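Visitor: Mind folding the following:
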Amino acid sequence: MLELLLPAGNFKKLKTAFHFGADAVYIGGKAFSLRAFADNFTEDEIREGVRYAHALGKKVYVTVNIFAKNSDIESAKSFFLFLQDAGADAVLISDMGLLSVCKEVAPNLAIHLSTQANTTNLEAVKFYKNLGVKRVVLARELGLKEIAEIHNAVPDMELEAFVHGAMCMSYSGRCLLSSYFSGRSANRGACIQPCRWNYQITEIERHADKPLEVEEDERGTYFMNSRDLRLLSHIPEIAEAGIVSLKVEGRMKSEFYVATVANAYRHAIDEYQKSGAIEHEKLYNEWLETVAHRTYTDAYFEGDNLDTVCQGAGQQPEKYIFTAVVKSMTDNGAAVVEMRNRFKSGEELVVLSPNLSNGQKFKVGGIFDGDDLRALDDAKLVQHTYVLDCPVPLEVGDLLLKDAEPNRI
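Guide: As a prediction, this is how the structure comes out:
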């Protein structure tokens with residue numbers, strides 16, 4: 001069975017990921033994680049997240065994937081002990097010192113080798129297997145042929161691969177640009193993403209007779225800005241190559257992103273596992289176009305690829321506005337929702353659901369305040385609870401959206 005692994009930057013995203021079909025999530029604590037700017041989880045939230053996941057028969061992996069300094073070691077020992085006690089299903093590590101420490105102090109905690117370790121060949125996988133690593137998250141730079149060779153050489157090692165999300169211009173994120181420009185280390189979770197910036201080469205001294213210049217066209221000069229990965233169409237080949245877990249990037253992304261990407265890949269995986277093909281591949285790829293993203297690429301899946309640079313300044317915007325999440329349903333079929341973006345009576349909302357209501361539209365009728373059931377025509381208090389009359393069957397965890405361009409043809 002293929003595992004669908006989604007990012008969860010906070011507890012709300014964890015719930016969203018599971019509702020929309022994730023088999024597992026990866027999260028970060030308040031320290032040791034390479035997404036220091038995500039909300040991340042307190043220790044109490046990690047315990048709660050693990051309990052929540054296990055009640056659903058699902059898993060939680062925790063990232064401890066910084067490159068550690070001496071000052072990190074003692075507190076890392078305590079964190080590994082905590083994760084083992086909390087019942088985390090695995091810890092993601094890239095630093096060999098932390099791997100050794102984890103094995104010593106928390107021998108029952110499964111270790112997954114982070115993609116930050118840049119595992120690009122079969123001998124490295126054999127080496128990590130001998131160290132007691134249960135799963136290797138392969139470098140994003142590998143192609144299908146190389147992945148299959150690794151699996152054939154080490155068939156009893158679990159292999160995980162990224163299939164969707166942002167790419168890095170440096171080998172699996174091993175980058176020094178952020179440290180150089182800001183003192184914030186990408187390898188310790190504080191990347192400011194300078195590879196996304198617009199550059200001009202102005203170095204003159206060594207080339208006074210012929211200054212180095214970058215000629216800017218309408219696309220700008222974003223020559224280090226990577227496209228986003230999308231491998232949904234290649235799920236059959238990925239599975240046949242020996243990958244057991246399909247990983248989505250994005251602990252900094254929105255709940256709408258998590259829900260949409262999980263929904264698309266869940267449907268695609270289920271179709272493949274049922275019939276050996278993805279019958280509605282075109283539809284699911286269309287869903288993936290609705291979230292904010294840079295131009296998609298297959299990256300190195302089929303081998304070397306010189307066309308991975310995103311020449312534009314930023315991302316294509318989301319096509320929908322995340323408006324509310326369903327918290328419960330009343331006995332008479334009304335939806336109790338938590339508002340995320342303002343909506344009014346008479347506006348059209350779209351349902352995002354893992355079930356048959358997905359994509360259905362309805363016009364907002366009665367809106368009632370969740371505290372005192374006063375009738376309203378404008379839901380404008382962020383994260384406030386409202387009750388909606390809704391003709392479409394909804395479930396707890398479904399999202400309600402507004403078209404970002406309602407007059408779009």
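
Visitor: Stretch 255-263: how far from the chain's middle?
Guide: The chain centre lies 9 Å from the centre of stretch 255-263; the measure is Cα atoms, centre = their mean, to the nearest Å.

Visitor: sorry, that was for stretch 322-341
Guide: With Cα atoms, centre = their mean, you get 25 Å for stretch 322-341.

Visitor: okay, now the closest residue in space to Thr42 that isn't next to it in sequence: neighbour count?
Guide: Leaving aside its sequence neighbours, Thr42 sits nearest to Lys30 (Cβ to Cβ, 6 or more residues apart in numbering; 6.2 Å). From N, CA and C alone the C-beta is placed, and that goes for glycine too. Look at Lys30: counted by other Cβ atoms under 10 Å, it has 14 neighbours.

Visitor: Lys30 touches Asp39, doesn't it?
Guide: No - Lys30 is beyond contact range of Asp39, at 9.6 Å (criterion: Cβ atoms under 8 Å).

Visitor: follow-up on the earlier one: now do the contacts for the residue nearest to Thr42.
Guide: Asn40, Phe41, Thr42 (Cβ atoms under 8 Å, 6 or more residues apart in numbering).

Visitor: What is the least confident helix or strand in the chain?
Guide: helix 177-182 (a mean of 63; mean pLDDT, DSSP states H and E).

Visitor: continuing past that helix, what's the next helix or strand?
Guide: Once the chain leaves helix 177-182, the next helix or strand it forms, by DSSP states H and E, is strand 228-230.

Visitor: Give me the contacts around that following strand.
Guide: Taking Cβ under 8 Å, 6+ apart as the rule, strand 228-230 contacts 140, 162-167, 249, 285, 288, 293-299, 310.

Visitor: do the same with stretch 266-273
Guide: Against stretch 266-273 from outside (Cβ under 8 Å, 6+ apart): 1-2, 4, 20-22, 232, 235-236, 239, 246, 277-281, 284, 354.

Visitor: Now intersect these with the helices, please.
Guide: Counted as lying in helices by DSSP state H, out of the contacts of stretch 266-273, are Ile235, Pro236, Ala239, Glu281, Tyr284.

Visitor: Show me how the chain divides into domains.
Guide: Domains of the chain are assigned by automatic domain parsing as 3-173+225-297, 320-403.

Visitor: List the contacts of the residue lying closest to Leu401 once chain neighbours are set aside.
Guide: Closest residue to Leu401 apart from its sequence neighbours, by Cβ to Cβ, 6+ apart: Tyr320 at 3.9 Å. By Cβ under 8 Å, 6+ apart, the contact list for Tyr320 reads Phe256, Thr290, Val350, Leu352, Leu401, Lys402, Asp403, Ala404.

Visitor: Scan the residues you listed and report the most crowded one.
Guide: Neighbour max across the contacts of Tyr320 (other Cβ under 10 Å) = Leu352, 27 neighbours.
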